[in-house]
Each structure stands twice: as structure tokens, then as C-alpha cells.
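1. Got a predicted model here, sequence first, then my questions.
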Amino acid sequence: MSRVLRVISQLFGSQSQHQPPKIDVKQLIAELDDSELLAAADGYFHGLDIDSEQCHKPFSNVADAIHITRNLSLLFQAADLFRGADVLDFGCATGWLSLALANLGCNVVGVDVAPSALRLAEALCEKRGVRSGGAVRFAVYDGLKLPLEDSSVDRIVCFDAFHHVKSQQATLSEFARVLRPGGRIAMLEPGPFHSQTAQSQAEMSKYNVIENDIVVADIAAAATKIGLAAPQMLVQLQEPMLLSLDQYLQWSVRVPKSEGEQLLARIHRQFTDTQCFFLLKPGQAGGVDSRRPDALSAVIELVSVNTTPDSLNAIALKFRILNTGQAIWISSQGAVGVVNLGCQLIGPDKTVKKVDFLRFSLGGTPILPGTSTELTISLLLPDDRTCGFQFDLVAEQIAWFSQLGRCEPTVCWAEDLYRIRDAAKTR
């Protein structure tokens with residue numbers, strides 16, 4: 001097509017009698033009542049089964065896999081997840097993301113306005129199963145009040161769902177209500193002109209679904225009214241770059257003319273057509289705990305080695321353990337992240353023969369950063385005098401401290417322990 005024809009097409013194409021008038025999403029929101037929206041959402045999933053593409057996300061097809069997996073990595077970084085976190089998956093649809101979050105070790109509740117979608121989600125989880133350490137359940141959302149208690153979740157993730165809500169302000173207020181102090185809301189949503197795309201227009205026309213624009217300046221204004229911090233943007237370059245809201249809003253939106261400006265506009269669209277951001281709720285919910293591997297660090301000191309009065313085949317080892325990290329060490333046995341003293345059985349060449357050989361509780365009180373505790377354990381002497389015992393701290397279901405490079409293990413060799421035992425016999 002020549003340049004003249006392109007210009008004519010741009011000037012008069014929108015007036016073609018063959019094209020229906022564009023839907024104004026704001027007008028659609030005003031005209032549709034809640035019952036119509038809920039019925040439309042439920043009807044969208046009605047008749048689907050767990051073999052449908054909706055249930056095979058993020059690998060339902062090649063095009064979606066490229067788009068979704070690229071954006072999921074960005075969303076996960078924005079969410080700052082950790083094992084044992086209580087997570088709300090808002091607009092969970094068929095539950096594929098809820099299941100993935102549970103398999104990452106989170107306790108997930110997926111909510112959606114469509115009961116037919118949640119039936120698929122439950123069937124999907126039953127078929128695939130949830131890995132030990134995580135949990136998932138689903139609940140119907142009436143579009144007004146989330147089916148959760150106040151301050152009951154650590155994280156809220158919203159993957160391509162917030163642009164469907166009728167009232168962004170009211171939804172953010174509900175997010176703030178159920179979020180714990182210090183928690184965060186992570187969203188991956190389309191850009192500020194989403195409603196005008198051909199696909200959005202077709203979706204709104206066919207399904208009566210809301211395909212709203214996501215304007216982060218408006219979200220920032222709504223968030224600050226209810227006590228949330230302004231969004232922080234993750235912009236996808238080679239690696240995500242964190243920008244303040246003011247920096248983000250300085251991107252140019254003028255129409256390009258030269259080839260260079262066209263290239264800049266293309267880059268600009270890649271930055272803004274999909275927007276990833278998170279909002280923080282001020283406050284702290286007890287501080288960072290030992291479910292966060294980046295906050296774990298310790299020093300183990302072997303204070304003394306003695307025989308035990310009741311048995312010559314056992315040795316008493318006394319340790320002083322200092323929390324040099326930023327995390328409060330969880331002490332409740334059975335909880336994700338509880339910190340124990342672990343003992344690994346090693347061979348003469350220091351290779352680990354048995355990782356989970358023994359565990360010793362540090363007591364029933366959480367250990368704060370900068371504080372220490374002392375622990376005396378009784379260890380039976382092994383038959384094999386060439387083996388050794390390697391003592392390391394472990395945050396259960398999270399990591400061994402030494403694997404993180406945050407603790408130097410203490411090694412006791414069986415031969416040395418026998419020597420101490422034999423010396424005690426001669427006294």
C-alpha cells in the first residue's frame with residue numbers, strides 16, 4: 001500500500017460503514033450490572049473440561065507459552081514469594097497458577113467470580129496433585145467482598161485479571177483489607193490503551209467481559225487513598241529494572257515520525273503494553289523470618305566435648321550458635337522454616353553419606369538476629385571409626401545454611417570422639 005493510500009486509510013478507515021462503532025469500556029462498565037458480569041464470566045468457562053487449553057496454561061500453545069512464561073518470571077520477581085507464604089491468587093480462573101504456587105511451597109487460596117472455572121480448578125488440582133509442603137483451596141468471589149479474613153495473606157498475585165474488575169478502587173480496598181502489614185500485591189496487566197485493541201473489542205462485544213485500561217497513575221492515586229504505597233514498576237529489558245512511579249510516567253507517548261522515532265515507539269510499546277508492578281502495605285508482620293533463605297546466616301561454635309555420666313558409648317557435645325543474619329528463626333517444630341541443628345554423616349574423604357542423619361531442636365523460643373543460644377546434645381559413638389559428623393543449621397524445607405554460603409559447618413571425627421571416651425575411662 002502506498003503512503004498516500006495509508007494516510008487515506010488512516011483518515012477515513014474508522015468511518016467505514018462495515019466496521020461497528022468501538023466499544024467505550026467506561027460506558028460498558030456503567031451499563032453492565034453485577035449480575036450480568038458474573039453470568040458472563042461463568043458462561044465463558046461453562047462447558048470446558050480439564051483437557052481444554054485454559055487448563056493447560058502456561059503451555060496451552062506455543063504463542064501463549066512464550067507470552068505467559070516471559071511474564072510469569074516478572075510477576076514472580078514482583079511478588080517476592082517465599083515457601084510457606086499465604087498467597088491469594090486473584091482471578092485464578094482454572095487454577096493453573098494457583099497449583100503452580102502451591103507446588104512452590106505456598107499456601108494458596110484461588111478466588112474467581114466464575115463457579116464453573118473453580119470446578120475446573122478443583123478437578124485440575126485433583127488430577128495433578130499438590131507437592132508436599134504446599135496447599136491450595138478455591139473460593140467463589142462475589143465481585144464485592146473477598147472471602148477472606150482481614151490481614152490473612154502475605155501476598156496477592158494478579159496475573160492478567162485486574163483489568164476485568166468493575167471497580168479498581170473497590171478491589172484495591174479489598175486487597176488492602178486482606179493483606180497483612182508488610183505484604184505486597186503483585187500484578188501483571190495490560191497497558192493504558194488495552195480496551196482499544198482489536199482483541200479487547202472483540203472480547204467485550206462477544207462475551208460482555210470488561211477489558212479495561214490499566215493506568216498506573218490512576219492505580220497509584222487509588223492506592224495512596226487507602227494506605228498502600230504507590231506502585232513500583234518492573235520494566236522488562238534484558239533483566240527487570242526497578243523504576244519509581246515518577247520515572248515510569250516520564251516515558252514519551254508522542255506519535256513517531258522518523259524511522260528512529262518509530263523504533264523508539266516500538267520499544268516504548270514493549271515497555272508499556274504489558275505492565276508489571278507491585279504495591280506494598282506499610283508495616284511489619286513480625287519481621288523477616290527463616291522462610292527467607294536470603295536472610296539466613298549463622299556461626300556454629302563447638303564449646304566442649306565430654307563423656308556422658310550414664311553411658312560410655314555416648315558423647316556430649318555443647319554448641320554455641322549465633323544468628324548473624326536478618327531473619328527471626330522459627331522455633332515451632334513441624335513448621336516450614338523451623339531452624340534445627342542438623343547432623344550429616346560423612347566419610348573419611350568428607351563426602352556426605354547420609355544428609356538427614358540426625359536433627360536437634362534449638363528449643364521452643366524464636367532466635368532473633370544478633371542473639372545466640374547454647375545447645376548440648378548426646379551422640380552415640382558409631383561402629384565405624386573412620387566416619388565423621390558434620391553439624392550444620394537447616395531451615396526445614398528451605399535450605400541448609402552452608403549450601404547458601406552463610407555458615408561454616410563443624411566437623412567431629414569418630415576417631416577423635418573415641419579418643420576422648422578412652423581417655424575418660426583411664427581417669
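-> Everything's here; your move.

2. alpha carbons only for contacts and neighbour counts from here, please
-> Noted.

3. counting residues per helix, which one in this protein is longest?
-> Ordering each helix of the chain by length in residues (DSSP state H) puts helix 62-79 first.

4. Tell me the first helix or strand C-terminal of that one.
-> As assigned by DSSP states H and E, the chain's next helix or strand after helix 62-79 is strand 86-90.

5. Next, the angle helix 62-79 makes with the helix or strand that that following strand is followed by.
-> Toward the C-terminus, strand 86-90 is succeeded by helix 96-103 as the next helix or strand (DSSP H and E). Angle between the axes of helix 96-103 and helix 62-79 is 50 degrees (criterion: axes from the mean of the first three to the mean of the last three C-alpha atoms, to 10 degrees).

6. tell me which strands and helices helix 96-103 is in contact with?
-> Contacts defined by 3 or more C-alpha pairs under 8 Å, 6 or more residues apart in numbering; DSSP states H and E place helix 96-103 against strand 107-112, helix 115-128, strand 135-140.

7. which residue sits closest to the most centrally placed residue in the chain, ignoring its sequence neighbours?
-> Nearest to the geometric centre of the chain sits residue 81, at 3.1 Å (C-alpha atoms, centre = their mean). Distance criterion C-alpha to C-alpha, 6 or more residues apart in numbering; nearest residue to residue 81, sequence neighbours excluded, is residue 155 at 7.4 Å.

8. For this structure, which segments are assigned as helices?
-> With DSSP H as the criterion, the chain has helices spanning 3-12, 25-31, 34-45, 62-79, 96-103, 115-128, 168-178, 198-207, 216-225, 245-248, 259-272, 414-426.

9. packing partners for the third one?
-> In terms of contacts (3+ C-alpha pairs under 8 Å, 6+ apart), helix 34-45 is packed against helix 115-128.

10. Quick check: buried residues in the helix it packs on?
-> Judged by neighbour count (16 or more other C-alpha atoms under 10 Å), helix 115-128 contains these buried residues: 115-125.

11. who's in contact with that helix?
-> 42-43, 45-46, 48-50, 55, 93-96, 99, 111-112, 137-140 (C-alpha atoms under 8 Å, 6 or more residues apart in numbering).

12. Pull out the buried members of those.
-> In the contacts of helix 115-128, the ones that pass as buried (16+ other C-alpha under 10 Å) are 42-43, 45, 48-50, 55, 93-96, 99, 111-112, 137-140.

13. how many other residues sit next to the residue nearest to residue 81?
-> Residues lying near residue 155 (other C-alpha atoms under 10 Å) number 27.

14. The one 10 residues further on too?
-> The tally of other residues near residue 165 (other C-alpha under 10 Å) stands at 19.

15. distance of it from residue 115?
-> Using C-alpha to C-alpha, to the nearest Å, we find residue 165 at a distance of 16 Å from residue 115.

16. Give me the domain ranges for the protein.
-> The chain breaks down into these domains under automatic domain parsing: 19-280, 293-426.

17. can you tell me which of those domains the model trusts least?
-> Averaged per stretch, pLDDT over those is lowest on domain 19-280, reaching a mean of 88.

18. Pull the contacting residues for the closest residue to residue 380 other than its chain neighbours.
-> Leaving out its chain neighbours, the residue that sits closest to residue 380 by C-alpha to C-alpha, 6+ apart is residue 314, at 4.3 Å. Residue 314 is in contact with 307-308, 378-381, counting by C-alpha under 8 Å, 6+ apart.

19. which among those residues end up buried?
-> Neighbour counting by 16+ other C-alpha under 10 Å classes 307-308, 379, 381 among these as buried.

20. What is the nearest of these to residue 181?
-> The closest of these to residue 181 turns out to be residue 379 (C-alpha to C-alpha; 43.3 Å).

21. Enumerate the beta-bridge partners assigned to the closest one.
-> Beta-bridge partners recorded for residue 379 (DSSP bridges): residue 315.

22. isn't it right next to residue 317, touching?
-> Yes - proximity of residue 379 to residue 317 meets the contact threshold set by C-alpha atoms under 8 Å, at 7.5 Å.

23. Need the residues touching each of those two.
-> Joint contacts of residue 379 and residue 317 (C-alpha under 8 Å, 6+ apart) do not exist.
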